[in-house]
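J.: Generate coordinates for the sequence data below:
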Amino acid sequence: MVIFFIMLNDIKAKITWLIKTTIVFTPWIISIYIFYWLDYQVWTNDTPHRGKLSVILMTIGMALSFLLWTRLNKKNN
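T.: Sure, this is the predicted structure:
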């Protein structure tokens, strides 16, 4: 019976890790999708500052993911 509860705790820990990882990567995935949508639907080769806007968009997504990761890990400690 004890082994069963240990196994449940292990499954709970893995599911919790999966949910936290999904939450953390969501802003970055959204920024990648927005970049894809802008690149193929809105922007043309003549769009001014296209490269700079791409870098800013990806940086915002990565920064938000980092902040979420930091906040979730701060609560654990």
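
J.: What is the neighbour count of the closest residue to residue 65 other than its chain neighbours?
T.: With sequence-adjacent residues excluded and distances taken as Cβ to Cβ, 6 or more residues apart in numbering, residue 65 is closest to residue 28, at 4.4 Å. Where C-beta positions appear, they are placed from N, C-alpha and C, glycine not excepted. Residue neighbour count, defined by other Cβ atoms under 10 Å, stands at 18 for residue 28.

J.: how about the helices in the chain?
T.: For the chain, applying DSSP state H gives helices covering 2-37, 50-76.

J.: Please identify the buried residues of the shortest one?
T.: Applying a neighbour-count criterion of 16 or more other Cβ atoms under 10 Å, the buried positions in helix 50-76 are 57, 61, 64, 65, 68.

J.: same thing with the longest one?
T.: Along helix 2-37, the positions that meet the burial threshold by neighbour count (16+ other Cβ under 10 Å) are 20, 24, 27, 28, 31, 35.

J.: So the last one sits against residue 51, correct?
T.: No. In terms of Cβ atoms under 8 Å, residue 35 does not count as a neighbour of residue 51; the distance is 11.4 Å.

J.: Quick check: which helices or strands does the helix or strand of the chain with the lowest mean pLDDT pack against?
T.: The least trusted helix or strand in the chain, going by mean pLDDT, DSSP states H and E, turns out to be helix 2-37, with a mean of 87. Under the contact definition 3 or more Cβ pairs under 8 Å, 6 or more residues apart in numbering; DSSP states H and E, helix 2-37 sits against helix 50-76.

J.: Can you get me the centre-to-centre distance for the helix it packs on and its chain?
T.: Between the centre of helix 50-76 and the centre of its chain there are 8 Å (Cα atoms, centre = their mean, to the nearest Å).

J.: pLDDT averaged over that helix, what's the number?
T.: This predicted structure assigns helix 50-76 an average pLDDT of 89.

J.: Next, the angle from it to helix 2-37.
T.: Orientation of helix 50-76 against helix 2-37 (axes from the mean of the first three to the mean of the last three Cα atoms, to 10 degrees) gives an angle of 160 degrees.

J.: Helix 50-76 packs against which elements?
T.: The helices and strands touching helix 50-76, judged by 3+ Cβ pairs under 8 Å, 6+ apart, are helix 2-37.
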